[in-house]
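Chemist: Need coordinates for the below:
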Amino acid sequence: MKQQKKIIVFLLTALALLVLPLILQSFGNAWVRIADMALLYVLLALGLNIVVGYAGLLDLGYVAFFAIGAYMYGLLASPHLSETFAWIAAMFPDGVHMPLWIVIPAAAGLAGVFGVLLGAPTLRLRGDYLAIVTLGFGEIIRVFLNNLDHPVNITNGPKGISQIDSLSFFGLSLGKSVDIAGFELRSVTLYYYLFLALVVGSVVISHRLQLSRVGRAWMAIREDEIAAKAMGINTRNLKLLAFGMGATFGGVSGAMFASFQGFISPESFSLMESIMIVAMVVLGGIGHLPGVILGAVMLSALPEVLRYVAGPLQAMTGGRIDSAILRQLLIALAMISIMLLRPRGLWPAPEHGKSLQKTKG
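Modeler: Numbers count the residues shown, from 1 in each chain. Below is the predicted model of the structure:
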């Protein structure tokens, strides 16, 4: 009976997710874009959950892998390199427009390599020290992207890269609307379905990893690294694998972001973005896939929803308080309230973090 209920809930959820963008696009593309960005943040949170939730490694520079994937896609799917380098213009007179099957693996692979490079010097670090090093790595990547326009213009510096190609495969371009049986599927709706497919695939991969020997080894390291090492677990290789796997998710998310936006700049990959991704994992429920997804959806959609609350509140103060600052204040209050009421997260794993529960005397 329970199994039948689970199947019914699963089917209803799948149907709701498939119909959601069709309903939202009737209210305007802005609402579908919010759903698209929420799915991208879910993908990022799932990747960070491998590092933070499974392996217990606090990573405050995760946005760096997001940036690496985005710039890899931007450079390989825009006219920027052809306009900058004559020898590339000779090879690609119409600009570099690599196909999807090359760009996405390249973004994932490069981000994974950088993830391992970050993990290698931090193997002996834990807790606050690990957080500081990863935070520094994220800022270093952002500063490099901001300054690699001189003497050789690679990233175009603070101006960013524009005219980035939309994703296309099997002759279908996601940058254009498609008519199916007289019903218009807009570009943002097509991207929604692509992001949804990527999220479903990522959830399956994360779930299988969690149940695998590697996942159990990660959780052993998270709970007690010394005991895990004493039991014969190769903590060095497993930590590097966690950093590399998590970074791969970030690289794919970055490539999707660059394609969806059509423009990228270093401002999109600030420290605040990295902190928000960590907050999604922590507030949702560390190591618990449904909780991580819930936390990512809530924290990505909350700022947009609060736009409609901050406006009237600003009017009540006679315009003395900036609406953007007021919106950030409301987000902070919401996060504090959640952590006070649900210290283990909105949807925590039943077996993780039991020490936070009050023992009954």
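Chemist: Just the CA trace of stretch 193-211, in CSV.
Modeler: Below are the C-alpha coordinates for stretch 193-211, written out as CSV (Å, rounded to 0.1, in the frame of the first residue of the first chain):
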residue,chain,number,x,y,z
TYR,A,193,12.6,21.1,-19.7
LEU,A,194,16.3,20.8,-20.4
PHE,A,195,17.2,21.9,-16.9
LEU,A,196,14.6,19.6,-15.4
ALA,A,197,16.1,16.7,-17.3
LEU,A,198,19.5,17.6,-16.0
VAL,A,199,18.2,17.9,-12.4
VAL,A,200,16.5,14.5,-12.7
GLY,A,201,19.7,12.9,-14.0
SER,A,202,21.7,14.6,-11.2
VAL,A,203,19.3,13.3,-8.6
VAL,A,204,19.7,9.8,-9.9
ILE,A,205,23.5,10.0,-9.9
SER,A,206,23.6,11.5,-6.4
HIS,A,207,21.2,8.9,-5.1
ARG,A,208,23.2,6.0,-6.5
LEU,A,209,26.4,7.6,-5.2
GLN,A,210,24.9,7.8,-1.7
LEU,A,211,24.0,4.1,-1.7
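Chemist: what does the average pLDDT come to for it?
Modeler: For stretch 193-211, mean pLDDT rounds to 94.
Chemist: and that stretch, how far from the chain's centre?
Modeler: With C-alpha atoms, centre = their mean, to the nearest Å as the basis, stretch 193-211 stands 13 Å off its chain's centre.
Chemist: buried set for that stretch?
Modeler: When neighbours are counted by 16 or more other C-beta atoms under 10 Å, the buried residues of stretch 193-211 are found to be 193-196, 198-199, 202-203, 206, 209-210. Quick note: C-beta positions are derived from backbone N, CA and C, even for glycine.
Chemist: cool, stretch 76-85 as well?
Modeler: Counting neighbours by 16+ other C-beta under 10 Å, one finds that the buried residues in stretch 76-85 are 76-82, 85.
Chemist: Looking at the residues you listed, which one is closest to residue 187?
Modeler: Using C-beta to C-beta, the shortest approach to residue 187 within the buried residues of stretch 76-85 belongs to residue 77, at 15.9 Å.
Chemist: give me phi/psi at that closest one?
Modeler: phi -140, psi 40 (degrees, to the nearest 10).
Chemist: again with residue 79
Modeler: Reported as degrees, to the nearest 10, the phi and psi values for residue 79 are phi -80, psi 10.
Chemist: Please determine how far it is located from residue 164.
Modeler: Per C-beta to C-beta, to the nearest Å, residue 79 is found 9 Å from residue 164.
Chemist: try residue 350
Modeler: With the distance defined as C-beta to C-beta, residue 350 ends up 43 Å from residue 164.
Chemist: More neighbours: which of those two?
Modeler: The neighbour count for residue 350 versus residue 164, taken as other C-beta atoms under 10 Å, is higher for residue 164 (24 against 9).
Chemist: Kindly indicate whether that one is helix, strand or coil.
Modeler: Per DSSP: H, G, I helix; E, B strand; the rest coil, the local secondary structure of residue 164 is coil.
Chemist: Touching, it and residue 265? I think so.
Modeler: No. In this structure, residue 164 sits apart from residue 265 without contact. The criterion is C-beta atoms under 8 Å, and the distance is 11.5 Å.
Chemist: Can you list which of the buried residues of stretch 193-211 are found in helices?
Modeler: When these are checked against helices (DSSP state H), the matches are 193-196, 198-199, 202-203, 206, 209-210.
Chemist: Is it possible to get these out as JSON lines so that each row also shows distance to residue 169?
Modeler: As requested, those are exported to JSON lines (distance: C-beta to C-beta, whole Å):
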{"residue": "193", "distance to residue 169": "13"}
{"residue": "194", "distance to residue 169": "9"}
{"residue": "195", "distance to residue 169": "14"}
{"residue": "196", "distance to residue 169": "16"}
{"residue": "198", "distance to residue 169": "13"}
{"residue": "199", "distance to residue 169": "18"}
{"residue": "202", "distance to residue 169": "19"}
{"residue": "203", "distance to residue 169": "22"}
{"residue": "206", "distance to residue 169": "24"}
{"residue": "209", "distance to residue 169": "27"}
{"residue": "210", "distance to residue 169": "30"}
